[in-house]
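**Student:** Take this sequence and fold it.
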Amino acid sequence: MMAMPLLPVAQRLMKATFLRYIGASAIALAGDMGLFMLFVAAGWLPAAAAATSYAAGIVIHWLTSSRLVFVEGARTEGMKRVRQKGLFLGSAFVGLGLTVAIVWAGDMGGIDPMLSKLIAVGLSFVVTYILRKTLVFAAA
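**Tutor:** Below you'll find the predicted structure:
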């Protein structure tokens with residue numbers, strides 16, 4: 001009987017773009033961090049592991065963001081869709097640059113790669129959300 005009152009709450013929460021973005025980010029982050037740990041364990045340089053795993057996360061995030069998060073703003077076609085993909089990729093490169101720079105700086109400073117990656121995740125999350133909300137998927 002308790003599930004019935006939760007349904008309207010869940011529906012309201014799903015309408016909140018930021019909460020959907022957190023969910024999409026969690027999915028992309030799971031792929032990113034899983035690959036990052038695998039690459040570091042395999043002996044990759046932390047910055048190279050961060051760049052490669054982040055790139056995989058970009059693909060995952062595009063798929064979830066354009067289909068589940070920014071649904072209204074993502075409904076474009078033709079050149080508008082091409083522009084949107086370009087802007088998304090641009091925002092991803094900003095996040096990638098931040099991530100690689102932070103992980104590299106941490107590595108040079110003797111900081112554990114996982115700690116550096118977690119710091120990078122937090123900063124990249126905020127910056128890319130702002131870019132995607134205001135530029136990439138802004139409703140036309």
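**Student:** For the rest of this, base every contact and every neighbour count on C-alpha atoms.
**Tutor:** OK.
**Student:** how about low-confidence regions in this structure?
**Tutor:** Residues of the chain that meet the criterion pLDDT under 70 lie in 1-7, 9-15, 72-74, 139-140.
**Student:** Report the contact partners of the residue minimising distance to the centre of the chain.
**Tutor:** Note on the chain: the residue nearest the mean C-alpha position is S25, at 4.6 Å, using CA atoms, centre = their mean. Counting by CA atoms under 8 Å, 6 or more residues apart in numbering, S25 makes contact with H61, F125.
**Student:** Check which element follows the helix or strand hosting it along the chain.
**Tutor:** Per DSSP states H and E, S25 falls inside helix 17-41. Going down the chain from helix 17-41, the next helix or strand is helix 46-64, by DSSP H and E.
**Student:** contact partners of that next one?
**Tutor:** 24-25, 27-29, 31-33, 35-36, 39-40, 88-89, 92, 96, 99-101, 103-104, 107, 113, 117.
**Student:** Quick check: the closest residue to Y129 other than its chain neighbours vs F39, distance?
**Tutor:** Once flanking residues are discounted, Y129 sits nearest to Y21: 7.7 Å by CA to CA, 6 or more residues apart in numbering. Separation of Y21 from F39 (CA to CA, to the nearest Å): 26 Å.
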